[in-house]
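**Q** have a look; sequence and predicted model below, questions after that.
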Amino acid sequence: APRGVEVVRGTPSSIDDLRRAAEGAQAVAVALNNGRASDNPWAKPTSPPAFMTDVARDTLDVMEENGIGRIVVVSALGVGDSWRTINPLFKAIVRGSNIRHGYRDHDGVDEVIRASDVDWTLVRAVALTDKPPTGPLRAAEAGTERPGLAVSRSEVARFLLDEIEQGTWTRRAPVIWNERRARGADQSA
C-alpha cells in the first residue's frame, strides 16, 4: 500500500470488519460491485442478490456509531435516476443479461444512501478502463451533457478523494468520464 495507507483485511459483508476499517475514519468511499463468474454479461452471478445494498446499510450503521458523516459511492451510468439517460440498446442489454442483477443492487444502494442523514455523493461512472486518461475528467448531472464512453480507474479514484475533501457534488449524483482529446492534440497537456 502507498505510504499513509493502512490496509485492514476483511470483507465488506462483515459488519465487524467494517467497524475495524472505520476506526479513526473521517469519511467513507465505496467502490463495490456484484461478482459474476466472468466478465461476460451473461455469466452467472456469484454475489448474493442484495450484497451491495446490505453492505450499504451496515456501512451507514457503522458510520453512525463512529460519527462519520460523509460517504461517496461509485456505481455506473444507468443506475438510479440516470437510467432514463442511457440508450435503448444498452437498456436492452442490461435487462436481458445478468448485468441486471448488479444494476438492481446498485439501485438498492442508491435508495438506502439517499434515505440516510449523511452527506452523500453517488458517482455514476461510464465504462472503466485501466488505461491512462484520454483527456480531462468531466462531471455533469445525468442528461445535461453527452458523456464520453470511458473513464480511467485512476481518475475515478481521484474524483472520489477530491469529492470527499471538497464536497462539490454533495447530495447529488454526477456522471463522470474522460473527455477525448482531439486527434493530433498535444498529449503532454
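**A** Nice, thanks for sending it over.
**Q** do a quick rundown of the strands in this protein.
**A** Assigned strands in the chain, in chain order: 28-30, 70-76, 119-125, 127-129, 137-141, 150-152, 174-178 (criterion: DSSP state E).
**Q** what about the last one, average pLDDT?
**A** When pLDDT is averaged along strand 174-178, the result is 98.
**Q** can you give the strand pairings for that strand, parallel or anti for each?
**A** Strand 174-178 sits in its sheet next to strand 119-125 (parallel), strand 137-141 (antiparallel), going by DSSP bridges.
**Q** return the distance of it from the chain's centre.
**A** Distance of strand 174-178 from the chain centroid (Cα atoms, centre = their mean, to the nearest Å) equals 11 Å.
**Q** and that strand with strand 70-76, angle?
**A** On the basis of axes from the mean of the first three to the mean of the last three Cα atoms, to 10 degrees, strand 174-178 is oriented at 60 degrees to strand 70-76.
**Q** quickly compare the strands paired with strand 174-178 and say which is most buried.
**A** Stretch with highest mean neighbour count among the strands paired with strand 174-178: strand 119-125 (a mean of 23; mean count of other Cβ atoms under 10 Å). For the C-beta atoms, the positions are set from N, CA and C on the backbone; glycine is no exception.
**Q** mind listing residues that contact that strand?
**A** Here strand 119-125 makes contact (Cβ atoms under 8 Å, 6 or more residues apart in numbering) with 69-80, 82, 110, 113-114, 142, 151, 156, 159-160, 163, 167, 169-177.
**Q** can you check stretch 50-70 too?
**A** 12-13, 15, 18-19, 22-23, 25-28, 30, 32-34, 48, 71, 73, 105-106, 108-109, 111-113, 116, 118-120, 164, 167.
**Q** try stretch 155-173
**A** Outside stretch 155-173, the residues that touch it by Cβ under 8 Å, 6+ apart are 27, 29, 31, 70, 72, 74, 80-82, 110, 119-125, 128, 133, 137, 139, 141-142, 176, 178.
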